[in-house]
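> Here is a sequence with its predicted model. Questions after.
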Amino acid sequence: MEQGNNRAMGQDTQPYNFRNLVLWQHGQELALSVVRLTEALPPTQAARTIARQVIASSGSIAANIAEGHGRFSVAAYRNHLSIARGSVAETDSWLDLLSRAGYIAPGQIEELHQECLNLLGGLTRQMKALDVKLRSTKAGSMREDASDYLTGQILEGIDD
């Protein structure tokens, strides 16, 4: 997120790639939180099964954002953002099950649930922005400007 400030001041510190995307960064952070959470689960069959599922779905979020960003067309990128959005919802559902089973403390689930909501909102906003770009181009092959992601604006105004 600091990257946006450096860019505005004409100081690019990193080459532009999916790692600069605010949504990808938040997806990675959620996946890391999930991995750490599952390491503390009891060694029961149920806990191990749910852990595999929630790790897979949370890891899929940032992976789909990155994969979509690597695609050539705006339509393909938007499709991968939609898949990432589905993975956020799946992750939130698995986290809810862990909470209901008593594996996650109430304060911890609220923090993770809020991060899922933030990602859902950010992905929705970016998908809508890409929809506008798709309507404005014939083939939908123009990519978005890197500055769209470097400002940190994607996750702001989610409750609008």
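Ah, there it is.
> Do you know the pLDDT at residue 136?
pLDDT, residue 136: 84.
> Repeat that for residue 152.
45.
> Just want the most central residue of the protein.
residue 27 (3.5 Å; CA atoms, centre = their mean).
> Now do the contacts for that residue.
58, 61, 62, 65, 84, 119 (CB atoms under 8 Å, 6 or more residues apart in numbering). Just so you know, the C-beta spots here come from the backbone N, C-alpha and C atoms, and that holds for glycine as well.
> With residue 119 instead?
Listed by CB under 8 Å, 6+ apart, the contact partners of residue 119 are 23, 26, 27, 30, 61, 85, 88.
> Residue 73 versus that one, what's the distance?
23 Å (CB to CB, to the nearest Å).
> Most widely separated two among the contacts of residue 27?
Spatial extent of the contacts of residue 27 (CB to CB) is set by the pair 58 and 65 at 12.3 Å.
> Kindly give the local confidence score, pLDDT, for the residue of the chain most remote from its centre.
The C-alpha centroid of the chain is most remote from residue 44, which lies 29.1 Å away (CA atoms, centre = their mean). What the model reports as pLDDT for residue 44 is 95.
> State the phi and psi torsions of it.
With angles defined as degrees, to the nearest 10, residue 44 sits at phi -90, psi 160.
> same thing with the one 3 residues further on?
For residue 47, the backbone dihedrals are phi -60, psi -40 (criterion: degrees, to the nearest 10).
> That one: how many residues sit nearby?
Around residue 47 there are 16 other residues, counting by other CB atoms under 10 Å.
> go on, residue 38?
20.
> mind checking the SS state of residue 102?
coil (DSSP: H, G, I helix; E, B strand; the rest coil).
> So what does it look like in phi/psi?
Residue 102 adopts backbone torsions of phi 90, psi 10, taken as degrees, to the nearest 10.
> Please apply the same query to residue 63.
phi -60, psi -40.
> now residue 137, nearest residue through space, not along the chain?
residue 74 (7.2 Å; CB to CB, 6 or more residues apart in numbering).
> Tell me the secondary structure at residue 85.
Three-state assignment for residue 85 (three-state DSSP): helix.
> count of residues packed around the residue nearest to it when sequence neighbours are not counted?
Computed as CB to CB, 6+ apart, the closest residue to residue 85 that is not its neighbour in sequence is residue 123, at 4.4 Å. For residue 123, the neighbour count with other CB under 10 Å is 26.
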